[in-house]
Structure formats: structure tokens, C-alpha cells
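**Student:** got a predicted structure plus its sequence, pasted below:
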Amino acid sequence: MSHPATYVLVHGAWHDGRSWNRVAPLLAARGHRVLTPSLTGHGDRAHLLGPEVGLTTHVDDIVGLVLGHDLDDIVLVGHSYAGMVISSVANRIPERVSRLVYVDAMVPAHGENAVDVMPVTQVMIDAAAGGAHPWRIPPPPELPAPLGLFGVTDPDDIAWLRTTLTDESVLCFQQPAETDNPAQASIPRVHILCVGGEPEGVTRRPVPETQPNGEPSRVHELETGHDAMITRPMELSALLESA
């Protein structure tokens, strides 16, 4: 993408907008406008977390950001769970979105929720159900190398990442995505897959050979853990710029 673009980078579950701290400056240095909002219940909005916060809340967050800043022709990027968010945002305001980029992200069909897309999510919901606050799911624990914490293995990076993580509301994983607006199907999309370090039990749907607009799917792979924006910011930034 040779001309300056507007990127809206949407973080995944448990994270906040700071997860893009290494990517945003690289894109900005190339002349692009970059926004990295924190969704309701995360970052500077962590105090707003409650059982009523769900996928619809987060879609409203991003739609409100785009309309409030009168953004147009945006590259809408979603990491992990935020694939659910950006899909529904594009359904709501397709005329504002020039491209969708899914970074190791969930890609729902109309009416699917996160459990449908990634069934292992139900295990976390069930575990939360037995606790004192059954509506909230804490971040997954760090796993032995090479899995680490969301694929992050550097000790300093893990320590920093822990300071940014907060619980997620169960409703975020239970509310369905909406992708039934015919206009959203024409939006080009790119998939960036993080490969080589998938935790046991986590399976990824294969990307269809064709996009909803009929063009061949565009798929890139990064040899890194799930949080590529932390572990491979330069490589990810280059892929986002070429999206």
C-alpha cells in the first residue's frame, strides 16, 4: 500500500490497545495514520468490565470510533478474537472499510459466535462457571516454552504483557457475529497466520480458497507465536502495509 492509509488496529481478548505499541510507530513512520483503541473492559477502560459487556459492545466501540473521527477508507485489522469484532464492524459500516486484515484471527460466518469458530473457548467458559464470578474469564496461563504467554517467550516481554492483560466477559464469546450485509462481502480481506507454535487443542479453520468477493484468498504466514505484534513487529508491519 504505497499511499498513506488509515489503520484501525483492534486487539484480541484479554489484551488492550498497548499490544500494538511496537507496530503502530512503524506504520506511522511510513506516513500512515494509526489508531489503537482499547475495547470496553480493557486498558484505560478496564473499569467498565461487567457481565453485560459482549461482542456487540466491542463492535459499538469501533463503529463509534470510526464515525466519531469521521474515518473513511480504513484498513481494519483484528487480532485473534477481534476477527469477530472487525467482521461485524464491516457489516455495520461497510462503506467506511477499504480492507479487512485478520491477524491469527477468528473468522465467523453470519450468526456464529466465538465458540462456534473455536470450540476450545467453551472450556474456558465452563471453567469460569465454577468460580465466584462466572461471567468473567481470566487470561490463560503461561505455558512452557516454546508456547509461552500468547506465544510470547522473552521474559521481559512476558512481564510487560502481564501488566496489560485483564479478564474477558463470557458474553464476548457467546454473542453472534453479524455478516449478512451484502455490501460487506465486496471488501477485500487478507489473512495473516502465525504458525509453528499452536497450543494443544487449539485448531484453526482453514482459510477458504476464495474471498466473499470471489477473488482468491490472500494468506500470509509468520513463523512466530500468537502475539505477532509483540514478537515480530517489523515483519507484521510490513505485511499490514502490503495488505
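**Tutor:** Yes, it's here.
**Student:** report the separation between the residue minimising distance to the centre of the chain and Ala105.
**Tutor:** Geometric centre of the chain, nearest residue: His79, 2.3 Å, by C-alpha atoms, centre = their mean. His79 sits 6 Å away from Ala105, taking C-beta to C-beta, to the nearest Å as the criterion. Yep, even glycine has a C-beta here, placed from its N, CA and C like the rest.
**Student:** tell me, what's touching the two both at once?
**Tutor:** Common contacts of His79 and Ala105, defined by C-beta atoms under 8 Å, 6 or more residues apart in numbering, comprise Gly12.
**Student:** burial measure for the closest residue to Gly225 other than its chain neighbours, as a count.
**Tutor:** Excluding the flanking residues, the one nearest Gly225 by C-beta to C-beta, 6 or more residues apart in numbering is Gly151, at 1.7 Å. Other residues within reach of Gly151, judged by other C-beta atoms under 10 Å, total 22.
**Student:** I figured Gly151 hits Glu223, correct?
**Tutor:** No. Using C-beta atoms under 8 Å, Gly151 makes no contact with Glu223, being 11.0 Å away.
**Student:** which ones are touching Ser88?
**Tutor:** Applying C-beta under 8 Å, 6+ apart, the residues near Ser88 are Leu55, Thr56, Val59, Ala177, Glu178, Thr179.
**Student:** kindly apply the preceding question to Pro37 instead.
**Tutor:** By C-beta under 8 Å, 6+ apart, the contact set of Pro37 is Val8, Val10, Gly17, Asp61, Ile62, Leu65.
**Student:** can you pull out the strands in the protein?
**Tutor:** Ranges of strands in the chain, per DSSP state E, are 6-10, 33-35, 74-79, 97-103, 136-137, 168-169, 189-195, 218-223.
**Student:** what mean pLDDT does stretch 112-120 get?
**Tutor:** Here stretch 112-120 scores 96 as its mean pLDDT.
**Student:** need the distance between the two termini of it.
**Tutor:** End-to-end distance of stretch 112-120 (C-alpha to C-alpha, to the nearest Å): 14 Å.
**Student:** repeat for stretch 125-142
**Tutor:** Using C-alpha to C-alpha, one end of stretch 125-142 lies 18 Å from the other.
**Student:** again, but for stretch 65-79
**Tutor:** OK, stretch 65-79 end separation, C-alpha to C-alpha: 17 Å.
**Student:** the chain should start at 23 in everything you say after this.
**Tutor:** Taking 23 as the first residue, the last one we looked at is stretch 87-101.
**Student:** neighbours of the residue nearest to Leu169 when sequence neighbours are not counted, how many?
**Tutor:** For Leu169, ignoring the flanking residues on the chain, the nearest one in space by C-beta to C-beta, 6+ apart is Pro221 at 5.5 Å. For Pro221, the neighbour count with other C-beta under 10 Å is 14.
**Student:** point out where this structure drops to low pLDDT.
**Tutor:** Along the chain, the parts satisfying pLDDT under 70 run over 23-24, 223.
**Student:** helices along that one, start to end?
**Tutor:** 46-51, 77-90, 104-114, 136-139, 143-151, 177-186, 192-196, 250-253, 255-264 (DSSP state H).
**Student:** which of the residues in the last one are buried?
**Tutor:** Meaning helix 255-264. Pro255, Leu258, Ser259, Leu261, Leu262, Glu263 (16 or more other C-beta atoms under 10 Å).
**Student:** quick check: the last one touching Gly53?
**Tutor:** No. The pair formed by Glu263 and Gly53 falls short of the contact definition of C-beta under 8 Å, at 10.1 Å.
**Student:** name all residues that make contact with the nearest residue to Leu61 once chain neighbours are set aside.
**Tutor:** Ranked by C-beta to C-beta, 6+ apart and with sequence neighbours excluded, the top spatial neighbour of Leu61 is His80, at 4.6 Å. Counting by C-beta under 8 Å, 6+ apart, His80 touches Leu61, Thr62, Ala104, Val107, Cys194.
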